[in-house]
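Chemist: Okay, structure incoming, though there's no sequence with it:
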């Protein structure tokens, strides 16, 4: 509707171009956990479901704030807030009724802002999502993404046209044997919670820290933390938003060296303060170096520039499917 709808809601071509440029510029900030990067709106007919999810839950609130009229942006935030709540395991259990009221307001807003003709079946189905979440858990609990991803693995098990089922079974048996053999080696490493990668020697160190190994990457509960731009933002248990500058292995512990954002505020206040969803606008990254145990990390975050024109402030959104790194 924003690209091809009536003039009351359609963007001019210049805005479509500028928004697409902003969207493409976010590619360098999208964490490794996402299999696809943002694409231009000119390719929207070829977007995959994961790209729409990336736009809805992460990029959309940031890029639309500049380019969408206020009533339309607030209407979009109803869908965004409800989807965020229902995609989060603990929030969906506590606030599913509130999310349902947000979706109801969104559906009514479709009629007011876009016309009754746009109240199609897919929009109506939003009213029933809360019932599914109540029955089956958060949206990721019954998402078809794992099934679709598994199909790719199954296809790789088949090497010739004949007897595909037998081939798949034999390959799975071979894989299970390899996993059984390797499990003995893994059991020797008690601290399998952490996995360090790419050792180096020239990272920043806080005063007084010596005789320790340094690394570029750290896997914590299968979540990648790194000193690179896309994987370096985390929220600590004390709610601080920090940027990882170095990763240390001290004895059997994993530690992070970080800078802290000094200014943290709500990114939006409608339909609720964004901080209630763990979303903040941050700025003024301090130069002081701090360090803490990796166990003090609450969650990994997506760090996106707040505007297309400068990177003095950022929007921080929690990576929903990782949760706490315990």
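Modeler: Received, thanks. Quick caveat, the model's predicted, so the values are computed rather than measured.

Chemist: And the helices in the stretch 51-200 of the chain?
Modeler: 60-67, 70-87, 89-114, 121-125, 129-136, 145-157, 164-187 (DSSP state H, counting those that start in this stretch).

Chemist: elements contacting the shortest one?
Modeler: Going back to what we said before, that points to helix 121-125. Helix 121-125 sits against helix 89-114, with contacts defined as 3 or more CB pairs under 8 Å, 6 or more residues apart in numbering; DSSP states H and E. Where you see a C-beta, it was placed from the backbone N, CA and C, and this is true even at glycine.

Chemist: average pLDDT across the helix it packs on?
Modeler: Averaged across helix 89-114, the pLDDT comes to 95.

Chemist: Just the buried positions in it, please.
Modeler: 91-92, 95-96, 98-100, 102-103, 106-107, 109-110, 113-114 (16 or more other CB atoms under 10 Å).

Chemist: What is the nearest of those residues to residue 313?
Modeler: residue 91 (25.3 Å; CB to CB).

Chemist: quick one: that closest one from residue 135, how far?
Modeler: 17 Å (CB to CB, to the nearest Å).

Chemist: can you check residue 78 too?
Modeler: 23 Å.

Chemist: So for those two, which sits in the more crowded spot?
Modeler: residue 78 (21 against 9; other CB atoms under 10 Å).

Chemist: Now do the same contact list for the nearest residue to the more buried one once chain neighbours are set aside.
Modeler: Residue nearest to residue 78 in three dimensions, not counting chain neighbours: residue 106, with 4.1 Å by CB to CB, 6 or more residues apart in numbering. Going by CB atoms under 8 Å, 6 or more residues apart in numbering, residue 106 touches 75, 78, 79, 82, 126.

Chemist: quick one: low-confidence ranges for the stretch 201-326 of the chain?
Modeler: 211, 321-326 (pLDDT under 70).

Chemist: tell me which of the buried residues of helix 89-114 is nearest to residue 149?
Modeler: residue 92 (22.1 Å).

Chemist: surely that closest one meets residue 140?
Modeler: No. Counting by CB atoms under 8 Å, residue 92 stays clear of residue 140, with 9.6 Å between them.

Chemist: Give me the neighbour count for residue 203.
Modeler: Count around residue 203 with other CB under 10 Å applied: 14.

Chemist: Is residue 244 bridged to anything, and to what?
Modeler: Residues in a beta bridge with residue 244, per DSSP bridges, are residue 258.

Chemist: any idea how the chain splits into domains?
Modeler: Using automatic domain parsing, the domain parsing of the chain gives 145-187, 194-318.

Chemist: Point out the most buried one among those.
Modeler: Stretch with highest mean neighbour count among the domains of the chain: domain 194-318 (a mean of 17; mean count of other CB atoms under 10 Å).

Chemist: Could you tell me the end-to-end distance of that one?
Modeler: Distance between the two ends of domain 194-318: 21 Å, counting by CA to CA, to the nearest Å.

Chemist: now that domain, how far from the centre of its chain.
Modeler: Distance of domain 194-318 from its chain centroid, counting by CA atoms, centre = their mean, to the nearest Å, is 15 Å.

Chemist: hmm, back to that, closest one of the buried residues of helix 89-114 to residue 204?
Modeler: Closest to residue 204, out of all of the buried residues of helix 89-114 and judged by CB to CB, is residue 91, at 35.4 Å.

Chemist: List the contacts of the closest one.
Modeler: So residue 91 contacts 84, 85, 277 (CB under 8 Å, 6+ apart).

Chemist: if I look at it, how far off is residue 279?
Modeler: Applying CB to CB to residue 91 and residue 279 gives a distance of 12 Å.

Chemist: next one: residue 159
Modeler: Taken as CB to CB, the span from residue 159 to residue 279 is 47 Å.

Chemist: swap in residue 172?
Modeler: Counting by CB to CB - residue 172 and residue 279 are separated by 42 Å.
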